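Peer 1: what follows is a predicted structure for the sequence shown.
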Amino acid sequence: MKSEIQCEVIKRFSEIFRGQNFQNHVKQATENNITLFQPITNFFIPQYSRLPAKYFEQVKEYKTLTVLGMQRSAVIANKFTQELLLLECFKLLNDEVCLHYESETDSESVTKYFFLTFFIAAKVNFFKTFNVKVIIWKNKTSKVHGSVAGWRKNNSEPPKEVKSKYAEQLIKAVSQNKVKLDKITVMKDLENLKTISRESSDRPKFVQNTQNSSSARNNNRPRPNYRPNGPKEVRKQPKQQFSRSKNPKYFRNRDIGTETVENEPVPSSSTNQQ
């Protein structure tokens with residue numbers, strides 16, 4: 001048996017044993033309703049310190065249920081990985097043995113022999129190197145803990161001051177007597193706000209119409225064999241020289257390559273020099 005095959009098989013067996021240890025711990029912890037990690041959430045609520053205590057209790061319960069469900073799913077998923085590694089071990093050994101044995105019975109018996117031999121060798125080595133712990137999960141505490149406002153932890157008074165950066169401009173104007181919050185001013189601002197919102201809602205939304213777009217018109221436009229405007233209508237094309245025939249009255253269209261008749265004769269080189 002090649003050393004490369006032996007190493008690959010032993011590595012897979014070692015990961016199978018590590019996965020089994022993981023499954024045992026997670027399964028026992030889940031059965032005792034012990035959460036093994038604290039989920040981190042990025043959820044900003046306005047006036048978080050003033051939320052009721054019932055909210056924090058509900059959040060802790062939801063987190064606990066979420067973590068327990070993830071632990072159950074992790075156990076099931078790791079079982080799939082174990083089965084996959086076992087199949088890979090058997091395939092590696094069987095492919096190598098079949099190169100030396102033609103009979104199926106002989107190759108199968110030899111494959112099983114190496115399979116059990118490497119299995120036991122990897123298991124003994126795993127217990128020597130890996131620290132297998134015996135954990136009494138009934139005495140353990142869950143990692144999920146409820147988060148509450150600071151004043152609740154210290155049993156102090158709830159906050160009375162309210163801060164809002166969105167009201168700073170109006171507050172500054174009121175404190176400087178630049179704005180009067182009377183009925184007439186407030187109702188006028190309300191009507192202006194309704195008008196602005198109505199205009200924004202009535203404004204037609206931009207809908208791209210492929211039939212009326214310039215690119216669609218250019219693509220669907222019929223291209224004539226002869227363009228009377230000559231090079232002005234040709235865009236983004238390299239300049240090309242006319243290939244004249246023997247008769248100077250004829251020349252080849254540079255775009256299509258068909259001979260077309262010019263209304264006026266082409267001037268000779270002598271007239272151009274004059």
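Peer 2: Cool, the structure landed.
Peer 1: which ones are touching Phe126?
Peer 2: Phe126 sits next to Phe13, Ser14, Phe17, Arg18 when contact means Cβ atoms under 8 Å, 6 or more residues apart in numbering. C-beta coordinates here come from the backbone N, C-alpha and C atoms, glycine included.
Peer 1: could I get these as a markdown table with secondary structure and neighbour count?
Peer 2: Putting those into a markdown table (DSSP: H, G, I helix; E, B strand; the rest coil; neighbours: other Cβ atoms under 10 Å) gives the following:
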| residue | secondary structure | neighbour count |
| --- | --- | --- |
| Phe13 | helix | 22 |
| Ser14 | helix | 17 |
| Phe17 | helix | 18 |
| Arg18 | helix | 15 |
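Peer 1: which among these gets closest to Asp106?
Peer 2: Nearest to Asp106 among the contacts of Phe126 is Phe13, at 23.7 Å by Cβ to Cβ.
Peer 1: now do the domain split for this protein, please.
Peer 2: 3-149, 165-202, 214-263 (automatic domain parsing).
Peer 1: reformat those as TSV; add distance to Ser156 and mean pLDDT.
Peer 2: Output for the domains of the chain, formatted as TSV (distance: least, Cβ to Cβ, whole Å; pLDDT from 0 to 100):
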stretch	distance to Ser156	mean pLDDT
domain 3-149	10	90
domain 165-202	25	81
domain 214-263	67	52
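Peer 1: just the ones you listed: most buried one?
Peer 2: Neighbour counts (mean count of other Cβ atoms under 10 Å) averaged over each of the domains of the chain peak at domain 3-149, with a mean of 14.
Peer 1: which one of the contacts of Phe126 is nearest to Leu93?
Peer 2: Using Cβ to Cβ, these come closest to Leu93 at Phe13, 11.2 Å.
Peer 1: SS state for the closest residue to that closest one other than its chain neighbours?
Peer 2: Spatial nearest neighbour of Phe13, excluding adjacent residues (Cβ to Cβ, 6 or more residues apart in numbering): Ala122 at 3.5 Å. Look at Ala122: counting by DSSP: H, G, I helix; E, B strand; the rest coil, its state is helix.
Peer 1: what about the residue sitting nearest the centre point of the chain, distance to Leu51?
Peer 2: Geometric centre of the chain, nearest residue: Asn42, 17.4 Å, by Cα atoms, centre = their mean. Distance, Asn42 to Leu51, by Cβ to Cβ, to the nearest Å: 17 Å.
Peer 1: next one: Glu157
Peer 2: Glu157 sits 16 Å away from Leu51, going by Cβ to Cβ.
Peer 1: ditto for Thr105
Peer 2: Thr105 sits 72 Å away from Leu51, going by Cβ to Cβ.
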